[in-house]
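Chemist: Provide a 3D model corresponding to the input given below.
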Amino acid sequence: MTRISDLLARGLTVSFEFPPPKTPEALITFDETMADLARLGPSFVSVTYGALGTTRDTTRDVVIRVDKEQAFPAMPHLTCVGHTRAELVELLTHYRDAGVENILALAGDPPADGSDPGGDFRYATELIEVIRDVGDFSVGVAAFPEVHPRSPDRETDRRYLAEKLEMADFAITQFFYDAADYRRLVDELDAHGNDTPLVPGVMPFISVAGLRRMAAMNGSALPPALEARLDPVDGDPEATRRLGVEVASALVDELIEHGVPGLHLYTMNRATSVREVCAATGLLQDGPAAAD
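Modeler: Now for the predicted structure:
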């Protein structure tokens, strides 16, 4: 297969993020969406990981299967909060032996109720060390353009992020809707001597309530101009989806002009919006979109 660090070294990457299916019906949708978007020829895909490992087995199984079936690599997200070292080593060994070459290393969120998650780790840097011990993976990490919601201040956030990036091969950012936030992130990390590729994450939203909920959870600001356009489409799924495509496409155009190393599009396990963003921006294009 292919290491994502090598793909980024060759030029602009375009990749897609999928949530892991949680039901038999969702697995069917996942496979259909994957097959549809595979026709676009993405650089790679990633599959997320439920809080505290709630989708551990599902993420593992679909990543290994997609990695074997498709021409592009599949990368699992992996969190360490609430896990023991032995559990992580077992899972990473499984990935290594199955030929998976890429891992996105994340700390993960603690329980919302404030209870102790247990496990041996708290930080993504600790997970990176375990990953390096187990195999020769290409390791990605997360970056927050608007500062991690649990960081005490911006300077502390950037200092720790720069240290984390020194251990990683690339980063994928949390979603954002103002290209200036990404440019500022790059400039601030440049000041720390960082040259690790920062791939922006772009979400063509499909739900007003869902967008606002995720933005609040991740500390992502919604620009006033976008906020003003949300209420008029709230309750109209197709109008919301079209607005999500329009906003994401405009953001992608700005980011490409800035010279980003890649673009990582959130699919929400639906193909139509991602296809339309790719077509509108000239990223990737294939046949007509299949119905979601």
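Chemist: every contact and neighbour count from this point should use C-alpha atoms.
Modeler: Fine.
Chemist: which residues of the protein fall in strands?
Modeler: Applying DSSP state E to the chain gives strands spanning 13-18, 44-47, 74-79, 102-106, 138-143, 170-175, 198-202, 262-266.
Chemist: out of those strands, deepest packed?
Modeler: strand 74-79 (a mean of 28; mean count of other C-alpha atoms under 10 Å).
Chemist: give me the mean pLDDT for that strand.
Modeler: What strand 74-79 shows for mean pLDDT is 96.
Chemist: number of nearby residues for Asn194?
Modeler: Neighbours of Asn194 under the rule other C-alpha atoms under 10 Å: 17.
Chemist: I'd say it and Glu166 touch.
Modeler: Yes. Applying C-alpha atoms under 8 Å, one finds Asn194 in contact with Glu166, separated by 7.3 Å.
Chemist: okay, the strands of the chain in a markdown table with distance to Pro232 next?
Modeler: What follows is the strands of the chain, written out as a markdown table (distance: least, C-alpha to C-alpha, whole Å):
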| stretch | distance to Pro232 |
| --- | --- |
| strand 13-18 | 28 |
| strand 44-47 | 32 |
| strand 74-79 | 35 |
| strand 102-106 | 36 |
| strand 138-143 | 32 |
| strand 170-175 | 22 |
| strand 198-202 | 22 |
| strand 262-266 | 23 |
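Chemist: let me know which of these is the nearest to Ala221.
Modeler: Ala221 lies closest to strand 170-175 among the strands of the chain, at 9.9 Å (C-alpha to C-alpha).
Chemist: need the mean per-residue confidence for the closest one.
Modeler: 97.
Chemist: what's it packed up against?
Modeler: strand 138-143, strand 198-202 (3 or more C-alpha pairs under 8 Å, 6 or more residues apart in numbering; DSSP states H and E).
Chemist: kindly recompute the last result at 10 Å.
Modeler: helix 4-10, strand 102-106, strand 138-143, helix 154-167, helix 179-190, strand 198-202, helix 208-218, strand 262-266 (3 or more C-alpha pairs under 10 Å, 6 or more residues apart in numbering; DSSP states H and E).
Chemist: let's have the ones you listed in a markdown table, adding mean pLDDT.
Modeler: A markdown table is the format used below for the helices and strands packed on strand 170-175 (pLDDT from 0 to 100):
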| stretch | mean pLDDT |
| --- | --- |
| helix 4-10 | 97 |
| strand 102-106 | 97 |
| strand 138-143 | 97 |
| helix 154-167 | 94 |
| helix 179-190 | 96 |
| strand 198-202 | 98 |
| helix 208-218 | 93 |
| strand 262-266 | 98 |
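Chemist: of the ones you listed, which approaches Pro24 most closely?
Modeler: Closest to Pro24 of these, according to C-alpha to C-alpha: strand 262-266, at 21.5 Å.
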